[in-house]
Each structure stands twice: as C-alpha cells, then as structure tokens.
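Visitor: Need a 3D model of the following:
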Amino acid sequence: MCEGPATTQMSSNSSKASTGPRTKNQEPRTAHQAATSSNPTATTPPKHAMESTLSSVDTAWYRLDSPNDPADIIGVLIFDGQVDYDRLRATIETRFLHFERFRQRIDDSGIGRPQWRDDPEFSLDDHLQRIELPEPADRAALQDKIGELMNSPLDKRKPLWRIYLVDNYEEGSALIAQLHHCMGDGFALAHVLLRLADHDPDAPWPSHSDIEEVRAGEDVHEHRWFRDVVLDKVEDLAKHPSHATDMAKKVQKTASALGHLVMMPFDPPTMLKREPTGQRRVSWSDGISLQRVKDIAHGFGGTVNDVLMAALTGAYRRYLIERGDNVDDRDIRALVPVNLRPVRRVEDMPDELGNHFGLVFLTLPVTEATAAGRLRRVKECMDELKKSPEAFILFEVFNLAGHTPEMVEHLVADTFGKKASTVVTNVPGPREPLYLGGREVTDLMFWAPHPARLGSNASIISYNGVVRVGVRGDENVLPDPEKVVGYFDEEFDGLENMSDRKP
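Guide: As a prediction, the model looks like this:
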C-alpha cells in the first residue's frame, strides 16, 4: 500500500551532441548599437507606469525565500557553438523583456501583499553578464560556476532575475538563468527561457514588431481558479441538479485527502533532513535516450515516470546507506510539483507568468532492497496519486497562506516540509531541437527551489528525444550531488538489464 502521492506525466525529447566552430569573441555593443546596426526594426520595449499586487500564491513564494533557503529557479542551456552576445542581447530585449515582470521590482511594505512596480532605474546591464570558465572549461567547471552564481542571492531592490552567457564552455557556449520563484513556477519560467530560442536555425534577428507585450494583471490565476472551480460548478449544478451526488462524492474525497495530508507523519531524520546553509552545488547526468526509457517501461508494464522515479529512489537509497542512515524501517517522501494548467508541454503553454501548480507527496520506497521491488512500489504510488486531489488541495493551501501574515506562511510551509525529505521536479521539454542565432541548443537542465528547509532536489527534463536528471544539494544536506547522479545512472542501467532478461 502506498501512503503518498504520485508525479506528473512526462513526455520528452533531447538533443544531438553536435559541435560547431567557435567564432571570435566580439566586444559587446550597446543595446542601441545592436538594435540599430543589425536589426533596425528593434526598439527598446515600451515602459508603462504600472503596478499591481502579487497574487497570494506568488506572495507565499516570495516570502518563503530566505538566505539559507533561496526560492530561485536555475535554468541552463548548452549550445554547440559560440553564441553571439549582441544577438542574445537583442533577443532578450525583444522576447524576454516584453514580459513586464522582468522590468519590475517588488515593493513589500510588510502590510498586505507586496506590489509589482516598474523599476525606474532598470538597466539590462544589471541583469545580463558575460563570463568565462577557468580552464579546462569542462562540465565540472560549469557545475562549479553554477554553484558559485546561485549562492549569490538576487538583489531584491531590482527585478529578480539574472542571465549569464558563458563564452567558453567546451567547444561552445552556455547560458545560465537565475529567476525568483515568485515570478513564476518552473513550467512558466522554462517556457519563457525557451522562447529565447527558435525552431529554425536560419531565423532572422528578433523584432519587437513581431511580439505583443505581455502585461500581467492582478491575481490572474486566483480569478481563473475561482471561475473554473467555483462558478463553473455552480452553473453546472443549476443546469443539472442530478450532478449534486457526484459533487458530494468529490467533496468527500477532497476532505479525506486533506485529512490524510494533515495526519501524515513527519519523514524520518536522515541526512536529507539537516538544516540547509544556502550554499549549494549541482550535478547532472549524461543524456538518456527516451526510447530506452520507454522500452524499459514497456517491459515492466509501467510508464516512463515509473522507471525514472524507481531509478532515482534506488540512487537515494544507496546515498543514504553510504552516509550511514537506516533505510530498513521507513520510506521517505518527495514533494513533487504538478502543473495545473490545461497544457502539459512547455512549448504549448501560453505567455503567462505566475505560479499555477500544486504539490503532491510521493513515497520513495527506499526500504525496498531490490530494483524490481522499488519499481513495483513506485508504480503503485504513482497510480494512487493520479487519482488524488492532493495537488489542488496544496495549491489552495499556498493560496490561502499568501493572505496570512508571513509568520503563518512559514509555519504552514515548515509543517508540510517536515513530511518530505526532498523535491523532485519533472518538466517535459520540446520534442524538436531549438536554436539561438544559428547555434543549436544541445542540452537543457534546470533546478527548482527546495522550500520549507528541504536542502536538496532532483530535476528531470526531456528535450529532443533525450532525458536528463539533475541534482542540487545544500552543502550541509547533500554536499556531493554528483554521487546521486552516478547512482542514478547505475540504477537505470540495472533496470535496463533486468528488462532485457525478461521473457
């Protein structure tokens, strides 16, 4: 029997590891020079004297941020050649800054909810930087640089984002983005980052005339939630009174799930439950063909998610054993974000920011000694969670928490955080390759925050037929994320070998 919830469905795709020649590093021109000399139609995005209130869910994520537990999302794009800085800058000006949120800072007086306000001193130079890695400029150097950058908190006096272009990663470039969770969840921000790229390697320079400015209204998700979940149900009952019985069953199911969440015991005190320091490191796996994952899933009668989560569970089990924790008596849980939008894939999402996701508690059966046993248990838990309303319930919990004093928000988050040991995020990325200035995006990786004093998370992302797993860990909780990644690779290979031996 599985006590906790399951994760979202995942589709996938990833890229060819093609390489390209490195062009000569040009000196950056100003935004005006880049716009006028190379793309005469580009202009600075229009600015409006706008202000609006953060939604209650966005408020909750803003106030859950702390020096020891930053609420930031990190995204990384790897390119097969040298990305032209001027082209990147023009692309950010047209496709990124047309979201007004990225030109706004937060004014939090402590009374009521914070306000989005246009930053009168906004300068792209404060948010876009070129950097270089120390030699040999390989993956280890990039991982160290990402850890160094994300350990520097975002400046709350300015719009809460930064982008770095790494000019010398291996034979190409890399882009590192750091964005605050209050601007949007991982699904929304992944969509925004991927909008920097094109599907056509020969796409022209971006133009402001091609894109309409996106202006976010106050509490857009709250209003939509009220309309979809409350008003639509009332209207349906008015037209079809016989539906009242079904409605009563759903209410009963929701009440039962809420009771289960409240009574759920805290997770065991393993190393993963140590207090975070805010100093974090990252690591990620080599790409795994999505077809390989599908073949294993087919062989065991499960899903792609079942296979990946079983391999990750095995990796955590081995890591905890190595660290001297007892894994024989109790399983651990992961908090898993679930996208509540009507679309599942990043590239199909509308141009909206904000947080519109729920959370579920997925049991990771680390007590199971065999890979087959872990896969069976994971599948049971996932199947059970797919029928659970927990994601919607926890969305409403954070929605309500955003209306309360900050102390109450932290109390709610800490209470639920004690019921889990880590965070696992799954984002299905584009199925086709993407390009920026003619350079192919060969790899994608991201890390979501680990809130409520959870000091680690794992991220699964698919792109162009390939799946990657990344792990981020606090130095006091999971100081060597590369070990979990290595164990994941070995666990996956073990599942594949078992699948090959099945009759």
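Visitor: What ranges does the stretch 201-350 of the chain have for its strands?
Guide: Counting by DSSP state E, counting those that start in this stretch, the stretch 201-350 of the chain has strands at residues 280-284, 288-289, 332-339.
Visitor: Please state the backbone phi and psi of the residue most central in space within the chain?
Guide: Nearest to the geometric centre of the chain sits G186, at 3.2 Å (C-alpha atoms, centre = their mean). Phi and psi for G186, reported as degrees, to the nearest 10, are phi -60, psi -30.
Visitor: In contact with the closest residue to it other than its chain neighbours, which residues are there?
Guide: What sits nearest to G186 in space, not counting adjacent residues and going by C-beta to C-beta, 6 or more residues apart in numbering, is A448, at 4.7 Å. Where C-beta positions appear, they are placed from N, C-alpha and C, glycine not excepted. A448 is in contact with I73, H181, D185, G186, P337, V423, T425, N457, S459, counting by C-beta atoms under 8 Å, 6 or more residues apart in numbering.
Visitor: Give me the contacts around stretch 469-487.
Guide: Contacts of stretch 469-487 (C-beta under 8 Å, 6+ apart): 74, 143, 271-285, 308, 312, 314-316, 318-319, 322, 445-447, 450, 455-461, 488.
Visitor: Filter the residues you listed down to the buried ones.
Guide: Buried members of the contacts of stretch 469-487, counted by 16 or more other C-beta atoms under 10 Å: 74, 143, 271-273, 276-278, 280-285, 308, 312, 314-316, 318-319, 445-447, 450, 455-461, 488.
Visitor: what distance separates the start and the end of stretch 78-89?
Guide: Stretch 78-89 has an end-to-end distance of 17 Å (C-alpha to C-alpha, to the nearest Å).
Visitor: Stretch 270-284 too?
Guide: Taking C-alpha to C-alpha as the measure, stretch 270-284 stretches 23 Å from start to finish.
Visitor: cool, stretch 122-134 as well?
Guide: The stretch stretch 122-134 measures 31 Å between its terminal residues, going by C-alpha to C-alpha.
Visitor: Could I get the average pLDDT for that stretch?
Guide: Throughout stretch 122-134, pLDDT has a mean value of 97.
Visitor: what do you get for stretch 262-281?
Guide: Mean predicted confidence for stretch 262-281 is 92.
Visitor: still on that earlier bit, any idea how far the residue nearest to the centre of the chain is from L179?
Guide: Note on G186: its distance to L179, by C-beta to C-beta, to the nearest Å, is 10 Å.
Visitor: the helices in the stretch 401-503 of the chain, which residues?
Guide: For the stretch 401-503 of the chain, the helices defined by DSSP state H, counting those that start in this stretch cover 406-417, 481-501.
Visitor: Lowest mean pLDDT across the ones you listed, which one is that?
Guide: helix 406-417 (a mean of 84).
Visitor: That helix relative to strand 332-339, how many degrees between them?
Guide: 120 degrees (axes from the mean of the first three to the mean of the last three C-alpha atoms, to 10 degrees).
Visitor: Distance from the chain centre to helix 406-417, please.
Guide: In terms of C-alpha atoms, centre = their mean, to the nearest Å, the centre of helix 406-417 is found 21 Å from the chain centre.
Visitor: in it, what's buried?
Guide: Neighbour-count burial for helix 406-417 [16+ other C-beta under 10 Å]: E409, H410, V412, A413, F416, G417.
Visitor: would you turn these into a markdown table with distance to P365?
Guide: Converted to a markdown table, the buried residues of helix 406-417 look like this (distance: C-beta to C-beta, whole Å):
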| residue | distance to P365 |
| --- | --- |
| E409 | 31 |
| H410 | 30 |
| V412 | 27 |
| A413 | 25 |
| F416 | 21 |
| G417 | 21 |
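Visitor: So what would you say the end-to-end distance of stretch 79-90 is?
Guide: This stretch, stretch 79-90, spans 18 Å end to end (C-alpha to C-alpha).
Visitor: for that stretch, the distance to its chain's centre please.
Guide: Relative to its parent chain, stretch 79-90 has a centroid offset of 24 Å by C-alpha atoms, centre = their mean.
Visitor: tell me the SS of the closest residue to F395 other than its chain neighbours?
Guide: Leaving aside its sequence neighbours, F395 sits nearest to G358 (C-beta to C-beta, 6+ apart; 4.0 Å). The three-state label given to G358 by DSSP: H, G, I helix; E, B strand; the rest coil is strand.
Visitor: And for G358, the neighbour number?
Guide: 21 (other C-beta atoms under 10 Å).
Visitor: likewise R330?
Guide: Using other C-beta under 10 Å, the number of residues around R330 comes to 14.
Visitor: how close does it get to I74?
Guide: With distances taken as C-beta to C-beta, R330 is found 31 Å from I74.
Visitor: that older thread, Serialize the helices of the stretch 401-503 of the chain to CSV and add fields for distance to D69.
Guide: Below are these laid out as CSV (distance: least, C-beta to C-beta, whole Å):
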stretch, distance to D69
helix 406-417, 9
helix 481-501, 17
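Visitor: wait, which of those helices is closest to R162?
Guide: The closest of the helices of the stretch 401-503 of the chain to R162 is helix 481-501. By C-beta to C-beta, the value is 21.6 Å.
Visitor: Just the buried positions in the closest one, please.
Guide: Applying a neighbour-count criterion of 16+ other C-beta under 10 Å, one finds 481-488, 491-492, 494-496, 498-499 buried in helix 481-501.
Visitor: ditto for stretch 191-202
Guide: Residues H191, V192, L193, L194, R195, L196, A197, D198 are the ones in stretch 191-202 that count as buried (16+ other C-beta under 10 Å).
Visitor: for these, which one is nearest T91?
Guide: Distance ranking of these against T91, using C-beta to C-beta, places L196 first at 5.3 Å.
Visitor: What does the residue nearest to that closest one when sequence neighbours are not counted show for phi and psi?
Guide: Closest residue to L196 apart from its sequence neighbours, by C-beta to C-beta, 6+ apart: T91 at 5.3 Å. Dihedral pair for T91: phi -70, psi -40, per degrees, to the nearest 10.
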